[in-house]
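>>> okay, structure incoming, though there's no sequence with it:
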């Protein structure tokens, strides 16, 4: 009977990572299993008849842990002032020799924090107070990923680009711990210029960990504020003036941020004369403060307007249609696009609405043309009308 070839592999448990055990793993002739690689578990399973369940469980635990790093309290057993080194006892079995910063005085018997790292059987340690503080904070951030309870102030240090030189995100420093914030996690709306964030302090929350990198999100922090802001907006008396900030400008209107966390759209049709004039002249800019009214809030979607009378016009139109099912709405063609047309109704406080090219024949229309429309129903929240199709 041929001899089973084995390789000795180091394992340790999460409960006591400093204490190693060694097991013999069966291997094919000529193969070598690297115990820190994931495939060691699969390799061991191939020879399960030669490995006990305890051994397999231990290997799985080892692979799950990979590299061990933690802050442990140690006791100074000896200090060499000339070399600035100290012998630190971590347990009854384990001690390490560490460099001590010359500005940090220690005495025999002192208890100090030590950052202990163990990888592939090698034990290393760092006893500087700064390193220990950073490691404790790093571990705190990692724990927050699973059970988020806090936000941290992070400083945006630099912009990160991928290998194709395309913007990828930011390096955010949290009291010395370098984290990564993807561009999509930097705000609740897309950034107009990511250079604007450089050097700024932001509240961020840890959301993931990829290898040794902690992923943080400013967007997640803002989303935690959203429910209370929405509640406050819903409690406002009708007609209350609300102030927001322009976050981006499109050809159909301006996106607005309310208290930095609730995004909404002020469409051109809902602008007052002053805002519309600035918008069309290109004078409305990102970062401008702007006043408006809350028209409605439905499923966290906030509809805003600068003309209260237009909101009243929609209510009036709905009442009219409900009372007179055969009513025909009079309007004027205001704009024509490839996919539809905008109709203006002066009769109902100057409201405007969009009709798709699927329900109207664009070739029969021109700007300024007066039309009569058989309306079936009105949605005062979405500001839409449904036509009767004969």
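All right, it came through fine. As the structure is a prediction and not an experimental result, all values here were calculated from the model.
>>> pLDDT weak spots in the stretch 51-200 of the chain?
51-68, 118-123 (pLDDT under 70).
>>> mind redoing it with 50?
Scanning the stretch 51-200 of the chain for pLDDT under 50 picks out 51, 55-56, 58-65.
>>> make sure residue 239 is actually in contact with residue 293.
Yes - the criterion here is CB atoms under 8 Å, and residue 239 meets it with residue 293 at 6.4 Å. In this view, the C-beta of every residue, glycine as well, is placed from N, C-alpha and C.
>>> more neighbours, those two?
residue 293 (19 against 9; other CB atoms under 10 Å).
>>> would you agree the more buried one is in contact with residue 309?
No - with contact defined as CB under 8 Å, residue 293 does not reach residue 309; the gap is 10.4 Å.
>>> joint contacts of residue 239 and residue 293?
Common neighbours of residue 239 and residue 293, counting by CB atoms under 8 Å, 6 or more residues apart in numbering, are residue 308.
>>> show me where the stretch 151-300 of the chain has strands.
152-161, 167-174, 177-182, 201-210, 213-217, 241-250, 253-258, 262-267, 289-298 (DSSP state E, counting those that start in this stretch).
>>> now tabulate the ones you listed in TSV and tack on distance to residue 363.
Shown next, in TSV, are these (distance: least, CB to CB, whole Å):
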stretch	distance to residue 363
strand 152-161	48
strand 167-174	44
strand 177-182	47
strand 201-210	52
strand 213-217	49
strand 241-250	27
strand 253-258	27
strand 262-267	26
strand 289-298	34
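>>> relative to residue 343, how far out is residue 335?
9 Å (CB to CB, to the nearest Å).
>>> which of those two has more residues huddled nearby?
Higher neighbour count among residue 335 and residue 343: residue 343, with 23 against 14, using other CB under 10 Å.
>>> list the contacts for the more buried one?
Counting by CB under 8 Å, 6+ apart, residue 343 has contacts 331-334, 352-355, 371, 373.
>>> lowest pLDDT pick from the residues you listed?
When the contacts of residue 343 are sorted by pLDDT, the bottom entry is residue 352 at 85.
>>> what's that residue sitting at in phi/psi?
With angles defined as degrees, to the nearest 10, residue 352 sits at phi -130, psi 150.
>>> tell me, how many neighbours does it end up with?
19.
>>> same deal with residue 176?
Neighbours of residue 176 using other CB under 10 Å come to 11.
>>> same check on the one 4 residues further on?
Neighbourhood size, residue 180 [other CB under 10 Å]: 17.
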